[in-house]
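**Student:** sequence first, then the predicted structure:
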Amino acid sequence: MNTALAEAPVASVASRAIAYRTRGSSHGPITRLVSPGDVGEWIKPFVFLDLFASDSPAAFRGFGMHPHSGIATLTYLMAGDMSYEDTAGKSGTLHAGSVEWMRAGNGVWHTGAPIGDAPSLGFQLWVALPAALENAPALSQYLAANEVPQAGPARVLLGSYGAVHSPIDAPSPMTYLAVQLRDGEHWRYVPSAGHTVAWVAVAAGALDAGGAVDSVGAGELAVFEESNGAIDFVARGDTHFVLGSAAKHPYELVMGRYSVHTSREALAQGEAEIRRIGAQLRQEKRLG
């Protein structure tokens, strides 16, 4: 990996350059672009990112009932329909353009699976929570497509962009957008003050960005140098992508299998709650 990422120069006016690119690792219909043990350490509080894309429901059976603690997950569905259920008491259906926000806090279990025969396309993001929230009660929130606000070509999934605010309160200073550009269209992203972390992941089409010779293509993630600078994009083909920016998460990443916390004590507390909920689910026969 490019160790220059941590040494990137500060640029307050010029557009940011790309510091690192990856296509992650693919397992069937899921491509893991970010994990806490690799790129997530550089771009925290964004510590995990999966791109899921499948033309067949049989090939993508969903995520299954699984636990988390210490993080929040945001699932953005670009195409298809998915069922959801969580131990915070919510269940229903996500349609294209919808958002699932699950602030796991001290511990939660949730699941999602495709419905019908339509292709599935979307991203699942993990966000590391600050110490004040990592062992707080779980909170789930679901936004229909018409509840996600728009700022120009960007849909504001989390946080705010300009004067537009997501109904989902970000747990720390961050912005997460879903953007669609037409072929040849230019867009400049100007981050909020202090958002020195920034990255982009492309689901369809390609982007010229950061002065790179080669476009950032579908299925690829690009991390930008740490600075306060804007980022310029030009679409090559009709392009759909997500973009995150944030103030750097100031805590260590202490990891369990499904959890990320700021300390071993907080992790132990979260994993104990996960086990308690898991035992309850088994009693209710919702787990095998």
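**Tutor:** Thanks, I have it.

**Student:** and the longest helix seen in the chain, how far from the chain's centre?
**Tutor:** Longest among the helix segments of the chain by residue count, using DSSP state H, is helix 264-283. Its chain's C-alpha centre and that of helix 264-283 lie 24 Å apart, by Cα atoms, centre = their mean, to the nearest Å.

**Student:** same check on stretch 177-185?
**Tutor:** 18 Å.

**Student:** which parts of that stretch are buried?
**Tutor:** 177, 178, 179, 180, 181 (16 or more other Cβ atoms under 10 Å). C-beta: built from backbone N, CA, C; applies to glycine.

**Student:** kindly report the same for stretch 98-110.
**Tutor:** Along stretch 98-110, these residues count as buried under the neighbour rule (16+ other Cβ under 10 Å): 98-110.

**Student:** okay, how far is it across it, tip to tip?
**Tutor:** One end of stretch 98-110 sits 17 Å from the other (Cα to Cα, to the nearest Å).

**Student:** any low-confidence regions in the stretch 51-200 of the chain?
**Tutor:** 56-63 (pLDDT under 70).

**Student:** for this structure, what's the longest strand?
**Tutor:** Secondary structure assigned by DSSP state E gives strand 231-246 as the longest strand of the chain.

**Student:** that strand pairs with which strands, parallel or anti?
**Tutor:** The pairing partners recorded for strand 231-246 under DSSP bridges are strand 174-181 (antiparallel), strand 186-189 (antiparallel), strand 197-209 (antiparallel).

**Student:** mind giving me the packing neighbours of the longest helix of the chain?
**Tutor:** strand 66-68, strand 108-115, strand 254-255 (3 or more Cβ pairs under 8 Å, 6 or more residues apart in numbering; DSSP states H and E).

**Student:** tell me how far the longest one is from the chain's mean position?
**Tutor:** In other words, strand 108-115. 16 Å.

**Student:** who touches that strand?
**Tutor:** Residues external to strand 108-115 that are found in contact with it (Cβ atoms under 8 Å, 6 or more residues apart in numbering): 54, 57, 60-69, 73, 75, 80-88, 93-94, 100, 102, 120, 138, 140, 274, 277-278, 281.

**Student:** I'd assumed residue 257 was in contact with residue 70.
**Tutor:** No: counting by Cβ atoms under 8 Å, residue 70 stays clear of residue 257, with 11.8 Å between them.

**Student:** quick one on the thing from earlier: for the longest helix of the chain, buried residues please.
**Tutor:** Under 16+ other Cβ under 10 Å, the buried positions of helix 264-283 are 266, 267, 269, 270, 271, 273, 274, 277, 278, 281.

**Student:** how about the first one, nearest residue that isn't a chain neighbour?
**Tutor:** Pointing back at residue 266 there. Closest residue in space to residue 266, ignoring its immediate chain neighbours: residue 134 at 5.3 Å, by Cβ to Cβ, 6 or more residues apart in numbering.

**Student:** tell me, how many residues neighbour the one you found?
**Tutor:** 28 (other Cβ atoms under 10 Å).

**Student:** doesn't residue 271 make contact with it?
**Tutor:** No: with contacts counted by Cβ under 8 Å, residue 134 stays clear of residue 271, the gap being 12.0 Å.

**Student:** any residues in contact with both of those two?
**Tutor:** Contact criterion Cβ under 8 Å, 6+ apart; residues shared by residue 134 and residue 271: residue 69.

**Student:** which ones are touching the residue nearest to residue 139 when sequence neighbours are not counted?
**Tutor:** Leaving out its chain neighbours, the residue that sits closest to residue 139 by Cβ to Cβ, 6+ apart is residue 103, at 4.4 Å. Counting by Cβ under 8 Å, 6+ apart, residue 103 touches 72, 129, 133, 136, 138, 139, 140, 141, 171.

**Student:** with residue 86 instead?
**Tutor:** 102, 108, 109, 110, 111, 138, 140.

**Student:** returning to that earlier point: higher neighbour count, residue 70 and residue 257?
**Tutor:** Taking other Cβ under 10 Å, residue 70 and residue 257 do not tie; residue 70 has more neighbours (31 against 9).

**Student:** hang on, the earlier thing: kindly export the longest strand of the chain (C-alpha atoms) in PDB.
**Tutor:** Written as PDB, here are the backbone C-alpha positions of strand 231-246 (Å, rounded to 0.1, in the frame of the first residue of the first chain):
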ATOM      1  CA  ILE A 231     -12.000  17.700  -5.100                       C
ATOM      2  CA  ASP A 232     -12.800  18.000  -8.900                       C
ATOM      3  CA  PHE A 233     -14.600  15.200 -10.800                       C
ATOM      4  CA  VAL A 234     -15.400  14.700 -14.500                       C
ATOM      5  CA  ALA A 235     -17.700  11.800 -15.400                       C
ATOM      6  CA  ARG A 236     -16.600   9.400 -18.200                       C
ATOM      7  CA  GLY A 237     -20.000   7.800 -19.100                       C
ATOM      8  CA  ASP A 238     -23.000   8.200 -16.900                       C
ATOM      9  CA  THR A 239     -21.500   7.700 -13.400                       C
ATOM     10  CA  HIS A 240     -22.900   6.700 -10.000                       C
ATOM     11  CA  PHE A 241     -20.600   6.900  -7.000                       C
ATOM     12  CA  VAL A 242     -20.500   7.500  -3.300                       C
ATOM     13  CA  LEU A 243     -18.200   9.900  -1.500                       C
ATOM     14  CA  GLY A 244     -17.200  10.300   2.100                       C
ATOM     15  CA  SER A 245     -15.400  13.100   3.900                       C
ATOM     16  CA  ALA A 246     -14.800  13.600   7.600                       C
END
